[in-house]
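S.K.: quick one, what's the 3D model for this:
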Amino acid sequence: MPELQSDHDVLLAINYTGICGSDVHYWEHGAIGHYVVKDPMVLGHESAGTVVAVGSAVTTLRPGDRVAVEPGYPCRRCAYCLAGKYNLCADMRFAATPPYDGTLTGFWAAPADFCYRLPPAVPLQAGALMEPLAVAVHIARQARVAPGASVVVMGAGPVGLLCAAVARAFGARTVVSVDVVESKLAFARGFAATHTYTSRRVPPEENAQALLAVAGLDGSGGGAEEGPGADVVIEASGAEPSIQASVHAVRRGGTYVQAGMGRADITFPIMALCLKEVTALGSFRYGPGDYRLAVELVASGKIDVLQLVSETVGFGQAEAAFKKVKEGQVIKILIAGPNEEESKGTTTEKGEEEVEEEEVKEEEVKEEEVKEEATEGEKTDGKEVKEEAKTVGQEEEKTAAKDDEKTETEEEKTVTKEEEEEKKTETQEHPKQPDDAKVEDLPAETKDVQGEELQDDATAAAEGAGEAAAAEEKAKAPETVVPEVVAA
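M.R.: Okay, here's the model as predicted:
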């Protein structure tokens with residue numbers, strides 16, 4: 001938790017922070033020009049926050065106020081500061097510029113007069129975009145954009161888009177956005193530009209003539225008394241071809257402002273600059289009144305900065321957000337502070353242990369689920385085994401029953417055969433028995449039909465004394481014996 005260094009300071013809880021191109025450059029390369037990161041450094045300088053504490057001398061803010069944070073603090077005593085150009089102060093302490101940490105954090109201490117209260121209608125997300133909007137305001141003020149002016153803005157990144165919006169808010173009649181990416185220009189047409197032009201790989205002068213023709217600034221219509229060209233050209237890309245085309249696109253006596261940062265040394269069309277007596281200016285950050293005017297432009301509805309926000313992510317997704325900005329996937333991305341709703345459930349430095357505990361619990365739950373599945377599987381398998389055993393037992397019982405029946409049948413047949421053998425023996429011992437004689441006298445083909453039937457019939461004929469008598473009566477009529485044997 002930062003401490004208040006002065007009675008004029010306030011302590012803020014950071015709600016939202018945007019990502020600037022300089023943040024990405026430091027993140028990726030660790031340096032911008034002579035500003036080199038030598039020790040670990042917190043990034044971020046586009047922020048909005050809520051006041052949680054105030055110094056004893058602060059009278060303009062109180063806890064609970066929502067503010068846009070100007071992130072650079074000058075010495076207040078040098079010649080530049082006294083002249084109202086504090087952005088040029090050599091002792092400026094600017095957030096996320098080595099060796100000073102940035103605002104992508106939970107809490108931030110700042111001078112009260114560098115915190116701008118947001119009107120109720122302006123959300124905190126919009127407050128985080130006041131920083132790039134203040135940059136655009138400073139550029140437009142440098143260019144002295146006036147009502148009815150024609151303005152060409154080279155580059156349709158966040159700052160370029162906001163420059164076009166500020167130019168329109170200042171009363172510019174024509175605003176042309178130029179870029180090499182068509183999707184950016186499509187957005188620009190719906191945001192602030194009256195015309196757009198897709199830069200081509202042709203000589204800078206040819207590109208300048210083509211873009212002026214698109215906007216009717218080439219002098220062909222006879223409307224411009226000063227001749228072809230734009231009143232103001234703002235270069236917001238830093239690309240060498242764009243810088244060269246810009247000088248050729250500005251009219252005679254017009255104003256050219258270099259806002260984009262690119263290579264340290266380039267080929268510059270100095271002859272065109274001199275012959276047209278162009279006023280050339282640089283622009284660096286923002287100065288007195290720029291932030292306050294930015295807030296007023298948003299509060300009045302003249303500029304809707306939230307249109308630029310492609311996505312808002314939680315604090316734990318900061319690195320992924322930086323990658324998206326680097327790859328050009330978004331126009332503007334916001335990172336919510338650690339205590340915002342968007343950051344709940346995301347990994348933060350303060351909550352890594354909690355996240356690890358949750359991961360361990362999730363693993364334990366998964367293990368329990370696996371065990372339960374295994375137990376259910378075992379139960380199911382056991383049930384199936386029991387069912388299978390039951391089925392097998394039933395089959396075995398059926399088989400045993402069949403075997404018993406078969407055995408009984410075979411035993412009956414065996415008993416019958418034994419009885420037949422006994423009867424046969426008796427017949428041989430008593431040859432006068434009629435049935436025995438008649439059976440032996442049967443034709444051979446009849447015996448061959450079914451030997452067992454003959455034996456069964458002989459056994460039946462021998463049962464009981466009465467039956468034997470009946471058999472003797474039948475023996476007197478041999479013609480009736482053959483049908484009886486066959487029927488049996």
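
S.K.: just the element for Val10, please.
M.R.: When secondary structure is defined using DSSP states H and E, the element that contains Val10 is strand 9-18.

S.K.: same question, Val178
M.R.: strand 174-179.

S.K.: and that strand, what does it pack onto?
M.R.: Applying 3 or more CB pairs under 8 Å, 6 or more residues apart in numbering; DSSP states H and E, one finds that strand 174-179 contacts strand 150-154, helix 158-169, helix 182-191, strand 195-198, helix 204-214. For the C-beta atoms, the positions are set from N, CA and C on the backbone; glycine is no exception.

S.K.: and Val51, which of the three is it?
M.R.: Secondary structure of Val51, reduced to three states by DSSP: H, G, I helix; E, B strand; the rest coil: strand.

S.K.: who does the strand holding Val178 pair up with?
M.R.: With DSSP bridges as the test, strand 174-179 is paired with strand 150-154 (parallel), strand 195-198 (parallel).

S.K.: single out the most deeply packed of those strands.
M.R.: When neighbours are counted by mean count of other CB atoms under 10 Å, the highest per-stretch mean among the strands paired with strand 174-179 falls to strand 150-154, a mean of 30.

S.K.: list the contacts of that one.
M.R.: Where contact means CB atoms under 8 Å, 6 or more residues apart in numbering, the residues beyond strand 150-154 that reach it are 143, 145, 160, 163-164, 167, 172-178, 193, 211, 215, 217, 224, 230-237, 242-243, 245-246, 249-250, 260.

S.K.: try 7 Å this time
M.R.: Among residues not part of strand 150-154, those counted as contacts by CB atoms under 7 Å, 6 or more residues apart in numbering are 145, 160, 163-164, 167, 172-178, 211, 217, 230-237, 242, 246, 249.

S.K.: right, and Val69 touches Thr103 too?
M.R.: Yes: applying CB atoms under 7 Å, one finds Val69 in contact with Thr103, separated by 6.3 Å.

S.K.: where along the stretch 251-400 of the chain do the helices fall?
M.R.: Remark: helices assigned in the stretch 251-400 of the chain by DSSP state H, counting those that start in this stretch are 270-275, 290-299, 318-326, 352-429.

S.K.: can you give me the angle the strand holding Val10 makes with helix 318-326?
M.R.: When axes from the mean of the first three to the mean of the last three CA atoms, to 10 degrees is applied, the directions of strand 9-18 and helix 318-326 differ by 60 degrees.

S.K.: tell me the mean pLDDT over strand 9-18?
M.R.: Per-residue pLDDT values over strand 9-18 give a mean of 98.

S.K.: what is the following helix or strand past it packed up against?
M.R.: Elements were assigned by DSSP H and E; along the chain past strand 9-18, the next helix or strand is helix 21-29. Under the contact criterion of 3 or more CB pairs under 7 Å, 6 or more residues apart in numbering; DSSP states H and E, helix 21-29 touches strand 31-32, helix 318-326.

S.K.: of the ones you listed, which approaches Gln125 most closely?
M.R.: helix 318-326 (14.2 Å; CB to CB).

S.K.: buried stuff in that closest one?
M.R.: Buried positions in helix 318-326, judged by neighbour count with 16 or more other CB atoms under 10 Å: 318, 321-322, 324-325.

S.K.: give me the angle between it and helix 21-29.
M.R.: Computed by the same axes, to 10 degrees, the angle between helix 318-326 and helix 21-29 is 110 degrees.

S.K.: got a list of contacts for helix 318-326?
M.R.: Counting by CB under 7 Å, 6+ apart, the neighbours of helix 318-326 from elsewhere in the structure are 19, 24, 27-28, 104, 313, 330, 333, 335.

S.K.: same question, stretch 271-281
M.R.: Around stretch 271-281, the neighbours that count as contacts under CB under 7 Å, 6+ apart are 142, 247-248, 250, 252-257.

S.K.: pLDDT of that stretch, averaged?
M.R.: Mean pLDDT, taken over the full extent of stretch 271-281, equals 98.
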